[in-house]
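> sharing a model that was predicted from the sequence below.
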Amino acid sequence: MMAAATHVVLYVPDLSAGGAERAALNLLEALPTPEMRVTLLLNKRRGPLVATLSSNANVQSLDAHRTIAALPRLAAFLRREKPDVLISYLAFNNIVAIWANWLAGKPSKIIASHHSMMPAAGPRPSNWKHRLVPILYRLALGSADHVIAVSQGVASGLLQTLRGRLAISVISNPIVTLRHRELAAASLDHPWFAQGQPPVILGVGRFAPEKNFSLLVDAFAEIAQVVPAHLVLLGDGPQKTNLLQQIAGYGLSDRASVLPIDPNPWRYMARSKVLVLTSLSEAFGNVLVEAMATGTPVVSVDCPDGPAEILGGGKWGRLVPPGDAKALAAAIGQ
């Protein structure tokens with residue numbers, strides 16, 4: 001009689017186009033074997049990455065609009081399904097996963113994967129809910145069976161928050177999948193990426209203050225004075241209108257474009273001259289690895305903490321001081 005396959009659950013809030021969500025999807029693609037059954041569990045089935053799901057992927061939704069509302073539904077899921085391992089992603093999901101496992105009688109091993117800088121190591125959160133995370137982590141995280149941080153910097157911040165009372169493994173996000181060459185080679189119908197066009201400088205991510213795309217626009221304004229080039233910003237978020245106004249203010253609307261997030265950013269990266277990351281802080285920096293995997297050079301602000309780790313302190317890509325548009329422009333130009 002064959003033993004039952006190990007059941008692993010990957011638990012994320014939804015399928016927003018973030019690094020944690022992409023990491024979970026990459027594991028969903030890589031893990032299943034005859035000996036391992038994998039379920040992707042969502043609080044809510046929504047987000048641009050829903051379009052990337054394989055038709056044979058095992059995906060379930062708790063149909064909870066907020067993470068805290070998922071608590072009783074997750075506890076019921078754990079009691080019913082009794083998965084061997086549940087890997088949770090992002091702070092509030094980690095806390096809810098641990099609480100739900102308690103309520104269910106601890107049927108599963110919980111691996112909490114942390115993907116953001118803690119207040120001790122990064123900018124102080126403006127949202128009061130996120131200021132609760134260190135307190136809740138101190139109360140709950142010790143009950144996880146394993147804790148993962150995606151970079152050494154994230155691990156250091158967690159240890160400060162938890163006052164050194166927990167063993168943490170540093171495991172980088174899984175980025176390069178068996179399909180990355182296929183995704184990079186996918187067709188792209190945009191005139192700026194056609195053969196013979198001026199080089200494209202690319203930024204990819206959420207248009208939010210912490211991603212600091214305005215610095216890339218400032219740097220491009222310097223570059224545009226001396227080099228025929230295009231700027232493409234790929235993403236969405238609350239700063240989109242501000243970025244469009246900034247581009248228009250420089251008179252660069254015909255040379256810089258803001259495009260909606262694409263489920264397959266690899267095809268843009270493969271056709272760009274350089275990818276640039278300008279975040280104020282970055283727990284890891286998936287886009288750097290994604291671009292490098294397509295053979296595209298990268299330039300990054302030397303922010304805490306992931307980029308310098310990924311780039312070997314500048315060995316694998318250029319690092320520039322934070323907030324220095326002229327230095328960023330020079331590095332891009334080189």
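Received it, and whenever you're ready, just let me know what you need. Residues are numbered from 1 along each chain as shown.
> tell me the pLDDT at the residue nearest to Val274 when sequence neighbours are not counted?
The shortest distance from Val274 to any non-neighbouring residue, by Cβ to Cβ, 6 or more residues apart in numbering, is to Pro297 (5.1 Å). Placement of C-beta: from N, CA and C, glycine included. With respect to pLDDT, Pro297 has a value of 98.
> how many neighbours does Pro297 have?
17 (other Cβ atoms under 10 Å).
> Ala64: neighbour count?
For Ala64, the count of nearby residues is 19 (other Cβ under 10 Å).
> related to what we said a few turns ago, pretty sure the residue nearest to Val274 sits against Leu311.
No: here Pro297 does not reach Leu311: they are 10.8 Å apart, not a contact under Cβ atoms under 8 Å.
> mutual contacts of these two, please.
Common neighbours of Pro297 and Leu311 (criterion: Cβ atoms under 8 Å, 6 or more residues apart in numbering): 317-318.
> buried sites along stretch 155-166?
Neighbour counts over stretch 155-166 (16 or more other Cβ atoms under 10 Å) mark 155-159, 161-162, 166 as buried.
> and these, which is the shakiest by pLDDT?
Out of those, that is Leu166, at 82.
> that residue touches Val147, doesn't it?
Yes: using Cβ under 8 Å, Leu166 makes contact with Val147 at a distance of 6.0 Å.
> who touches both of these two?
141, 158.
> how many other residues sit next to Thr52?
Residues near Thr52, counting by other Cβ under 10 Å: 18.
> please report how far it lies from Pro263.
In this view, Thr52 and Pro263 are 5 Å apart by Cβ to Cβ, to the nearest Å.
> same question for Leu188.
Distance from Leu188 to Pro263, counting by Cβ to Cβ: 13 Å.
> tell me which of the two has more neighbours.
Neighbour count, other Cβ under 10 Å: between Leu188 and Pro263, Pro263 has more, with 17 against 14.
> would you list the phi and psi of the more buried one?
phi -60, psi -20 (degrees, to the nearest 10).
> so what's it up against?
17, 48-49, 51-52.
> in a strand, Gly203, correct?
Yes: with DSSP: H, G, I helix; E, B strand; the rest coil as the criterion, Gly203 is part of a strand.
> near it, how many other residues are there?
25.
> likewise the one 3 residues further on?
Using other Cβ under 10 Å, Arg206 is surrounded by 19 other residues.
> before we move on, what about the one 10 residues further on?
Using other Cβ under 10 Å as the criterion, Leu216 is surrounded by 26 other residues.
> looking at the buried residues of stretch 155-166, which are in helices?
Assigned to helices by DSSP state H, the following of these qualify: 155-159, 161.
> tell me who's in contact with Pro174.
Here Pro174 is in contact with 23, 26-27, 30 (Cβ under 8 Å, 6+ apart).
> repeat that for Val204.
Val204 makes contact with 233-235, 265, 268-269, 275, 287, 290, according to Cβ under 8 Å, 6+ apart.
> repeat the analysis, applying 6 Å as the threshold.
234, 265, 287 (Cβ atoms under 6 Å, 6 or more residues apart in numbering).
> neighbour-wise, give me the winner out of those residues.
In terms of neighbours by other Cβ under 10 Å, the contacts of Val204 top out with Val287 at 26 neighbours.
> quick one: that residue and Pro34, what's the gap?
Separation of Val287 from Pro34 (Cβ to Cβ): 34 Å.
> Leu74 should be in a helix, yeah?
Yes: secondary structure assignment (three-state DSSP) places Leu74 inside a helix.
> can you give me the helices in this protein?
Applying DSSP H to the chain gives helices spanning 19-30, 71-81, 91-103, 128-131, 133-140, 152-161, 180-185, 213-224, 240-249, 266-270, 286-293, 306-310, 325-333.
> can I get those helices in CSV including distance to Ala5?
Formatted as CSV, the helices of the chain follow (distance: least, Cβ to Cβ, whole Å):
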stretch, distance to Ala5
helix 19-30, 15
helix 71-81, 13
helix 91-103, 21
helix 128-131, 37
helix 133-140, 29
helix 152-161, 32
helix 180-185, 27
helix 213-224, 44
helix 240-249, 44
helix 266-270, 31
helix 286-293, 29
helix 306-310, 34
helix 325-333, 49
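> and the ones you listed: which comes nearest Gln197?
Closest approach to Gln197 among the helices of the chain (Cβ to Cβ): helix 266-270, 13.4 Å.
> and that closest one, what other elements does it pack with?
In this structure, helix 266-270 packs against helix 180-185, with contacts taken as 3 or more Cβ pairs under 6 Å, 6 or more residues apart in numbering; DSSP states H and E.
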